[in-house]
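S.K.: Give me the fold of what follows.
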Amino acid sequence: MAPATMFVFDCSTPSTPIPVGSFDLKADGDGLFTYGKTYLQRRNAFSIDPRHLPLRGDEMQLPRQPDNTYGVLSDSGPNSWGTNLTARLLRKVHNPLPRNAVEWFLQSKHFGSGCLAFVATPHSQLLLGKVQVRSNDLSPRLFDALDDYLTDPDQALDAETVTLLVPGGDLGGVRPKTIVMHDGQEHIAKFSRPDDLYDVPAAEYATLRLAYMTGITVPNFELRSIGTRSVLLVERFDRTEDGGRIHYLSANSFLRPKPLSEDRREYQTSFSYAAIAEALRTYSDTALEDAHELFRRMVLNIVVGNVDDHLRNHALLMAKPGVLRLSPAFDICPQLEAPFRGQNIGVGSHGTASTVENALSQCERFFLRREEALKIWAEVKAVTSTWRDVFAEAGISQKDRNRLAGCFAVADEATAVVVNLGDAGTHNEVLGQIKAPLPST
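M.R.: Numbering: from 1, shown residues only. I've put the predicted structure just below:
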């Protein structure tokens, strides 16, 4: 019989994991979470989800979400890319696949987002994986092996490729990635796929440069060429300089959205950028700055054609027990379907429509007057209108720039709005690498 209970640990200090509580999977597929009595007595105890799992001693519902996830617990585990990779590695050694959510959590190697880890018993020895691969270990041969795996997942994987890929199995998202050590810090290495229609890692790098130039907070990132391939290295913002781990909560878990109504009115109310800003007010001591930043990110995603801006691509970090802040921006890249669809979450009174009118329609929910919101729009648009130069400097071919042009239709539009931009868009940069200051922890 598959286990239905697991124990959750706080690994903020990896050398001394602290038991937080237990998760019990019910027969109907929903879950129950309970904080441990000893944990509740700790001076520095914190709620792993202050909206839904406050610090108290009774059992609390942690229902299975429509996407088969379990809130903040699933933020520390894999989806799509990670689960497919884990299943492949289990088959490689002839082990059975997990039979329920608890068994999937227990497959974690503890490289996932944030500071939570999962074990079968409260006294299990918790061995946190150490990242064995350095950025300099990445090689054309490994990329050939990765291409072979992505083309035919059932073929054999050699030991070196497994060592490379295993840490990435705990990460979310659908694209191939892993974790490497680079400049003494953990970085997520993001790779291309054989069926990509353009150089995705380079395009994401260039878009992060645009984000940085517009004043958006981003992690440190770097583009490297290995053989003929581009690799994007993004420093983990849920890690500290001395190897500590920072608690992480996705906007999806924070909002815990319900299925959309038939008229999709939630895109105007509770399934939107503004909903993140409003929900964060109670738990943030930088609510004004976070709201303004969210508005700026929303505008950027519109003008660069990033319609993959779903709630898992926005996150919060625990600044101190009980206090959350907006994480640096991540997973920002133009999507070829942008000319034909709106954003993934709500923008304003017109739902997901990717227009300036829609972005301005609910600006007050971001603590912005209309003229302030319009100024942010103009600042972002002025920077992103230079996208062709930025993409060319990133080494993206003319063919790929032509292919991506439709994503930047809004950035390329002429505008009759005149706003004093001051020094917007002037930053000290080094081509190939951006070192952006991270928020203090």
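S.K.: Mind giving me the packing neighbours of the helix or strand residue 22 falls within?
M.R.: Assignment of secondary structure by DSSP states H and E places residue 22 within strand 18-25. The criterion is 3 or more Cβ pairs under 8 Å, 6 or more residues apart in numbering; DSSP states H and E, and the helices and strands that strand 18-25 contacts are strand 5-10, strand 31-35, helix 37-40, helix 101-106. From N, CA and C alone the C-beta is placed, and that goes for glycine too.
S.K.: Can you give me the distance of residue 106 to residue 356?
M.R.: Shown here: residue 106 relative to residue 356, a distance of 48 Å by Cβ to Cβ, to the nearest Å.
S.K.: With neighbour numbers in mind, choose between those two.
M.R.: When neighbours are counted by other Cβ atoms under 10 Å, residue 356 comes out ahead of the other of residue 106 and residue 356, with 20 against 15.
S.K.: Now do the contacts for the spatially closest residue to residue 4 that is not a sequence neighbour.
M.R.: Among residues not flanking residue 4 along the chain, residue 25 sits closest, at 4.4 Å (Cβ to Cβ, 6 or more residues apart in numbering). By Cβ atoms under 8 Å, 6 or more residues apart in numbering, the residues touching residue 25 are 4, 5, 31, 100, 101, 102.
S.K.: In a markdown table, list the helices and strands packed on strand 18-25 along with distance to residue 88 and mean pLDDT.
M.R.: Shown next, in a markdown table, are the helices and strands packed on strand 18-25 (distance: least, Cβ to Cβ, whole Å; pLDDT from 0 to 100):
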| stretch | distance to residue 88 | mean pLDDT |
| --- | --- | --- |
| strand 5-10 | 23 | 97 |
| strand 31-35 | 27 | 98 |
| helix 37-40 | 36 | 96 |
| helix 101-106 | 14 | 93 |
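S.K.: re the thing from before, tell me the one of the contacts of residue 25 nearest residue 70?
M.R.: When the contacts of residue 25 are compared for distance to residue 70 (Cβ to Cβ), residue 31 comes out closest, at 5.4 Å.
S.K.: Can you check the pLDDT for the closest residue to the closest one other than its chain neighbours?
M.R.: Using Cβ to Cβ, 6+ apart and skipping the chain neighbours, the partner closest in space to residue 31 is residue 62 (4.2 Å). Per-residue confidence (pLDDT) for residue 62: 96.
S.K.: do the same with residue 414
M.R.: 63.
S.K.: Kindly report the same for the one 3 residues further on.
M.R.: Model confidence at residue 417, expressed as pLDDT, equals 43.
S.K.: thinking again about what came up before, and the helices and strands packed on strand 18-25: which comes nearest residue 50?
M.R.: Comparing the helices and strands packed on strand 18-25 against residue 50 with Cβ to Cβ, the closest turns out to be strand 31-35 (12.5 Å).
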